[in-house]
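# Please find the sequence and the predicted model below.
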Amino acid sequence: MTTLPEPLTRAGVLPWEAGLKLEPAEETLPGLSIVIPIYNAGDFLERTIRSLLGNDLTGVEIIVMDGGSTDNTAEILAHYEGTFATVVSEPDEGQSDALNKGFARASHDILHWLNGDDVILPNTLNAVRRAFRDTDADLVVGDAALTEIDLSVIHQSRQSPDRLTFERLKDYSANHLIQPSVFFSRKAWEAAGPLKAELEYAMDADLFLAMAAQFPIRHVAREIAYSVYHEGCKTRKKRAESIAELAMVQARHGALDEAGRTLAMLVDLYNQSAGEGEAKPGYDTGDYGVLLKRMTALEAEVEKNRALTLAQDLKQTR
């Protein structure tokens, strides 16, 4: 039976800790670097850290990129300081910037990021590392779940090889990957990264689509992670913005029809809303002007991609 460090608070304890037995990491497993980008994540961070400790971390380095938190994040990091290879606490330009800086510090050939409110399930990292070792993979995806704060399941994502293709993922709003279940090689990162700093909500979709266009995806038929969906999530607070940004990302990757379907979701939300000028469900009142700019940018992105596609078709016929 495994004994985890004493928690700072009872809220940091995960339901599976009692009776947990660690599966030893084999010596032949490739190394894994995990970046945790955080800013004022103290309400959830301890649980995230303890979820990693439910795995044998031999050969795993954890890099914490803290954007200069002002809550109790520093206290939590100090309590678990022996867990981390690196802790950086300094202002950054957002999540993408923090992740890019974190991956630049990574020393292993398998890369992953775990947000400070998500959790990795016990004894799962070994299965992911085996998939890289045994199949020479560059992109590995496990099963996962979207949960409430109490870890009750909202939606389960059960993948399969036929679902994990670029053509299917182009319809990302319907067939998205749950981010903490995705692991990639340094080779894939160098081919498709870094994350675009100008993207605030769909930078993971942009990266994963770029990777899926270049590398086959290997599936680990095991639940790997929980992505916790709570009121503080930026994609929940800024639903309109996140949908519009995803549509732009899809258009960039040539998924023009799929981008249109994503944008239709936004139109439906507006059609369901109250009268002109009133606060809409799921929106901040300041979103509208920004959203119109996003939609205009999306239209330009779609036209640009259509022009590029047409030019390529003409070139091939000559």
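That came through fine.
# Give me the pLDDT value at residue 232.
pLDDT for residue 232: 51.
# My error: substitute residue 285 in the last question.
Reported pLDDT at residue 285 in the predicted model: 41.
# repeat for the one 4 residues further on
Among the per-residue scores, residue 289 shows a pLDDT of 51.
# any idea which helix or strand comes after the least confident helix or strand in the chain by mean pLDDT?
The weakest-scoring helix or strand in the chain, judged by mean pLDDT, DSSP states H and E, is helix 234-237 (a mean of 49). Next helix or strand after helix 234-237 toward the C-terminus (DSSP states H and E): helix 239-252.
# From the contact counts, what lies against the helix or strand just after that next one?
Using DSSP H and E, the helix or strand that follows helix 239-252 in sequence is helix 256-271. The helices and strands touching helix 256-271, judged by 3 or more CB pairs under 8 Å, 6 or more residues apart in numbering; DSSP states H and E, are helix 239-252, helix 287-317. Every residue, glycine included, has its C-beta placed from N, CA and C.
# so what secondary structure elements neighbour the longest strand seen in the chain?
Counting residues, the longest strand in the chain under DSSP state E turns out to be strand 218-228. On a contact count with 3+ CB pairs under 8 Å, 6+ apart, strand 218-228 meets strand 119-120, helix 125-135, strand 139-147.
# Return the most buried member of these.
Among the helices and strands packed on strand 218-228, ranked by average contacts under mean count of other CB atoms under 10 Å, first place goes to strand 119-120 (a mean of 24).
# and that strand, how far out from the chain's middle?
Centre-to-centre, strand 119-120 and its host chain are 12 Å apart (CA atoms, centre = their mean, to the nearest Å).
# helices and strands around that strand, which ones?
Using 3+ CB pairs under 8 Å, 6+ apart: strand 119-120 touches helix 45-52, strand 218-228.
# what distance separates the longest one from the centre of its chain?
The chain centroid and the centroid of strand 218-228 are separated by 12 Å, computed with CA atoms, centre = their mean.
# Please name the residues that touch the closest residue to residue 108 other than its chain neighbours.
Nearest residue to residue 108, sequence neighbours excluded (CB to CB, 6 or more residues apart in numbering): residue 31, at 3.3 Å. Residue 31 sits next to 59-61, 107-110 when contact means CB atoms under 8 Å, 6 or more residues apart in numbering.
# same thing with residue 28?
Going by CB under 8 Å, 6+ apart, residue 28 touches residue 133.
# Export the contacts of residue 31 to JSON lines and append columns for neighbour count and secondary structure.
Putting those into JSON lines (neighbours: other CB atoms under 10 Å; DSSP: H, G, I helix; E, B strand; the rest coil) gives the following:
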{"residue": "59", "neighbour count": "18", "secondary structure": "coil"}
{"residue": "60", "neighbour count": "22", "secondary structure": "strand"}
{"residue": "61", "neighbour count": "17", "secondary structure": "strand"}
{"residue": "107", "neighbour count": "11", "secondary structure": "coil"}
{"residue": "108", "neighbour count": "18", "secondary structure": "coil"}
{"residue": "109", "neighbour count": "15", "secondary structure": "coil"}
{"residue": "110", "neighbour count": "28", "secondary structure": "strand"}
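# rewinding a little: closest to residue 191 out of the helices and strands packed on strand 218-228?
Nearest of the helices and strands packed on strand 218-228 to residue 191, taken as CB to CB: strand 139-147 at 10.3 Å.
# average pLDDT for the closest one?
pLDDT averaged over strand 139-147 gives 97.
# let's number from 569 now, not from 1
Okay, using 569 as the starting number, the last item reads as strand 707-715.
# Send me that strand as PDB with only the CA atoms.
Extracted in PDB, the C-alpha atoms of strand 707-715 (Å, rounded to 0.1, in the frame of the first residue of the first chain):
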ATOM      1  CA  LEU A 707       1.200  10.900 -30.600                       C
ATOM      2  CA  VAL A 708      -0.700   8.900 -28.000                       C
ATOM      3  CA  VAL A 709      -4.300   9.500 -26.800                       C
ATOM      4  CA  GLY A 710      -6.000   7.700 -23.900                       C
ATOM      5  CA  ASP A 711      -9.600   7.600 -22.800                       C
ATOM      6  CA  ALA A 712     -10.800  10.400 -20.500                       C
ATOM      7  CA  ALA A 713     -13.700  12.000 -18.800                       C
ATOM      8  CA  LEU A 714     -15.100  15.500 -18.400                       C
ATOM      9  CA  THR A 715     -16.100  15.900 -14.800                       C
END
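# Can you list the strands that that strand pairs with?
Strand 707-715 pairs in its sheet with strand 721-725 (antiparallel), strand 750-753 (antiparallel), strand 786-796 (parallel), by DSSP bridges.
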